[in-house]
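**Student:** Mind folding the following:
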Amino acid sequence: QVQLVESGGGLVQAGGSLRLSCAASGSIFSTNAMAWYRQAPGNQRELVARISSRGSTQFADYADSVKGRFTISRVNTKNTVYLQMNSLKPEDTAVYYCNLNQNAMDYWGKGTLVTVSS
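**Tutor:** Numbering: from 1, shown residues only. Below you'll find the model as predicted:
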């Protein structure tokens with residue numbers, strides 16, 4: 001059974017940085033896409049960044065709101081995906097969720113809270 005566990009959230013001032021981690025356990029195929037989503041109070045969950053692999057090449061795409069500030073990466077040997085967040089803004093405040101799409105199923109972690117103070 002696939003499990004995803006996020007860590008690394010916390011309170012940071014605007015302009016600061018945080019690095020989120022998501023450790024996946026169970027039967028994970030490295031070719032499957034993994035992603036970070038976020039959900040702020042009163043808002044729908046939105047895609048932040050996604051990473052997929054084709055052979056030895058990794059592909060990443062980002063929401064326009066985080067391009068140039070956030071970087072997603074993946075270490076397949078550790079079944080771990082990271083989200084490096086720089087130049088954080090108060091509007092980045094949200095619960096961040098890790099997602100794995102595998103065999104047409106979506107798996108989710110419980111989330112980690114990121115709070116950016118102004």
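
**Student:** and the residue nearest the centre of the chain, what pLDDT?
**Tutor:** Nearest to the geometric centre of the chain sits residue 36, at 2.7 Å (Cα atoms, centre = their mean). The per-residue pLDDT reported for residue 36 equals 98.

**Student:** Distance of it relative to residue 55?
**Tutor:** Distance, residue 36 to residue 55, by Cβ to Cβ, to the nearest Å: 23 Å. C-beta here means a position set from N, CA and C on the backbone, and glycine is covered the same way.

**Student:** what about residue 9, how many neighbours?
**Tutor:** Using other Cβ atoms under 10 Å, residue 9 is surrounded by 18 other residues.

**Student:** Show the backbone phi and psi for the closest residue to it other than its chain neighbours.
**Tutor:** Nearest residue to residue 9, sequence neighbours excluded (Cβ to Cβ, 6 or more residues apart in numbering): residue 112, at 3.4 Å. Here is the backbone geometry of residue 112 (degrees, to the nearest 10): phi -140, psi 140.

**Student:** residue contacts, residue 112?
**Tutor:** By Cβ atoms under 8 Å, 6 or more residues apart in numbering, residue 112 lies in contact with 6, 7, 8, 9, 20, 95, 96.

**Student:** Now, of these, which are buried?
**Tutor:** Neighbour counting over the contacts of residue 112 (16 or more other Cβ atoms under 10 Å) leaves 6, 8, 9, 20, 95, 96 as the buried ones.

**Student:** For residue 70, state which of those is nearest.
**Tutor:** Nearest to residue 70, judged by Cβ to Cβ, of the buried ones among the contacts of residue 112 is residue 20 at 9.5 Å.

**Student:** Please name the residues that touch the closest one.
**Tutor:** When contacts are counted by Cβ under 8 Å, 6+ apart, residue 20 touches 6, 7, 8, 9, 36, 82, 83, 85, 96, 98, 112, 114.

**Student:** what is it paired to in the beta sheet?
**Tutor:** residue 83 (DSSP bridges).

**Student:** Can you classify residue 12 as helix, strand or coil?
**Tutor:** Of the three states, residue 12 takes strand under DSSP: H, G, I helix; E, B strand; the rest coil.

**Student:** Thanks a lot, see you next time.
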